[in-house]
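*Asks:* using only what follows, build the 3D model:
(one chain, ligands or ions: 1)
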Amino acid sequence: MTKLTFIGNGNMAKAMIKGLLGKYNIEVYGRNQTTLNNLKNEIAEIETYLLDDTNEINGKNIILCVKPNSLDDLAPKLTGCANSLYSVLAGTKLETLKEKIKATAYIRTMPNVAASYQKSMTTLTGDGALKESALEIFGNIGETLWLKTEKEIDIATAVAGSGPAFLALIAEALSDGGVNAGLARNDANTLVQGLFAGFAPMLVDTKPSEIKDSVMSPGGTTASGYASMEKNGVRNGMIEAIKSAYDKACELGKK
Ligand SMILES: NC(=O)c1ccc[n+]([C@@H]2O[C@H](COP(=O)([O-])OP(=O)(O)OC[C@H]3O[C@@H](n4cnc5c(N)ncnc54)[C@H](OP(=O)(O)O)[C@@H]3O)[C@@H](O)[C@H]2O)c1
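*Replies:* Predicted coordinates for the structure are as follows:
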């Protein structure tokens, strides 16, 4: 089995490792022994290592999972030339990665936290020579989409990387609406879970506008609720959220 080396052992690394277990040998480098021990206790199959002042990365296939603002501190501690470098860092440009960490080939990728359920929507771009292996690795944690430009990855970061948080707000608000109208919280949450589970497969082959039209009858409950959503700016709120997250990804890329 090919070995993958995770650097960073936070939320994203954990979500991805769970999806890749059994298909790759996985080693994880982190800077905190306690959180590494916790990860090893949770996932026995992995090897964990504490990051040193110098860490040999020659020939390794690295999945870089630290925050973008940790790169300057981490990079000087990595010596040698990796075989491949897959970065999940939001906004951080390929050019910056190439300046700071040596590798034969580079990929920028943007998975999301659904990776732990093998349901990530992951976008990728970078060196064509690594395209096939990148799609294979990240295909193990869900759907993949290869993009031609880094600008598109920054937009995808907003839509699908941050997307679970945006959908969480919608899910919570729907449940709050149910409770506000008189439903018990548990029942409202159960309704929302079922709603999202049933909606996902519909979205695969039906446009959102068609789903909406199929539910909305003249003068009915859906039309009334829908008009209220438009009046309260839900659509524009989502468009602005994507713009704002995209702007932030661009800002991170400039540092
Ligand atoms: N979370 C998401 O949904 C998501 C989705 C797509 C992409 N991403 C990207 O994934 C990356 C990690 O995000 P995350 O949510 O996993 O963050 P996180 O939970 O905070 O994990 C960050 C990891 O990096 C380690 N770290 C921080 N500074 C370091 C340094 N100077 N040297 C070595 N290790 C360092 C942290 O160690 P400590 O535990 O010691 O702090 C931790 O293990 C980010 O670049 C983000 O853009 C995240």
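*Asks:* give me the neighbour count for the residue in the chain that the ligand sits nearest to.
*Replies:* Ranking the residues of the chain by distance to the ligand (Cβ to the nearest ligand atom) places residue 10 first, at 1.8 Å. Heads up, the C-betas are built off the backbone N, CA and C, glycines and all. Using other Cβ atoms under 10 Å as the criterion, residue 10 is surrounded by 15 other residues.
*Asks:* same check, this time on residue 197
*Replies:* The criterion is other Cβ under 10 Å. On that basis, residue 197 has 9 neighbouring residues.
*Asks:* verify the stated contact: the residue of the chain closest to the ligand with residue 70.
*Replies:* No. With contacts counted by Cβ atoms under 8 Å, residue 10 stays clear of residue 70, the gap being 10.1 Å.
*Asks:* near the ligand, which residues of the stretch 51-200 of the chain show up?
*Replies:* With Cβ under 6 Å from any ligand atom as the criterion, the stretch 51-200 of the chain comes near the ligand at residues 51, 65-68, 70, 73-74, 88-90, 110-113, 161.
*Asks:* run the last query once more with 5 Å
*Replies:* Residues of the stretch 51-200 of the chain found near the ligand (Cβ under 5 Å from any ligand atom) are 65-67, 70, 73-74, 88-90, 113, 161.
*Asks:* for residue 147, what are phi and psi?
*Replies:* Backbone geometry at residue 147, expressed as degrees, to the nearest 10, gives phi -110, psi 150.
*Asks:* wait, it touches residue 126, no?
*Replies:* No. Distance between residue 147 and residue 126: 9.7 Å, which falls outside the contact criterion (Cβ under 8 Å).
*Asks:* higher neighbour count, the two?
*Replies:* Each of residue 147 and residue 126 has its neighbours counted (other Cβ under 10 Å); residue 126 has more, 23 against 18.
*Asks:* wait, doesn't that one sit right on residue 133?
*Replies:* No. With the criterion set as Cβ under 8 Å, residue 126 and residue 133 do not qualify as a contacting pair; they are 11.2 Å apart.
*Asks:* break this structure down into its structural domains.
*Replies:* Following automatic domain parsing, one finds the domains of the chain at 3-147, 163-253.
*Asks:* deepest-packed of those domains, please.
*Replies:* Among the domains of the chain, domain 3-147 has the highest mean neighbour count (mean count of other Cβ atoms under 10 Å), at a mean of 18.
*Asks:* quick one: residue 58 is in a helix?
*Replies:* No. Residue state for residue 58 (DSSP: H, G, I helix; E, B strand; the rest coil) corresponds to coil; a helix is not indicated.
*Asks:* list the contacts for it?
*Replies:* With contact set as Cβ atoms under 8 Å, 6 or more residues apart in numbering, residue 58 has these partners: 80-82.
*Asks:* so which residues of the stretch 101-250 of the chain form helices?
*Replies:* Counting by DSSP state H, counting those that start in this stretch, residue ranges of the helices within the stretch 101-250 of the chain are 131-139, 150-156, 163-181, 185-205, 208-215, 221-231, 234-254.
*Asks:* any chance of JSON lines for those helices, columns mean pLDDT?
*Replies:* Compiled in JSON lines, those are given as follows (pLDDT from 0 to 100):
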{"stretch": "helix 131-139", "mean pLDDT": "95"}
{"stretch": "helix 150-156", "mean pLDDT": "95"}
{"stretch": "helix 163-181", "mean pLDDT": "98"}
{"stretch": "helix 185-205", "mean pLDDT": "97"}
{"stretch": "helix 208-215", "mean pLDDT": "97"}
{"stretch": "helix 221-231", "mean pLDDT": "98"}
{"stretch": "helix 234-254", "mean pLDDT": "94"}
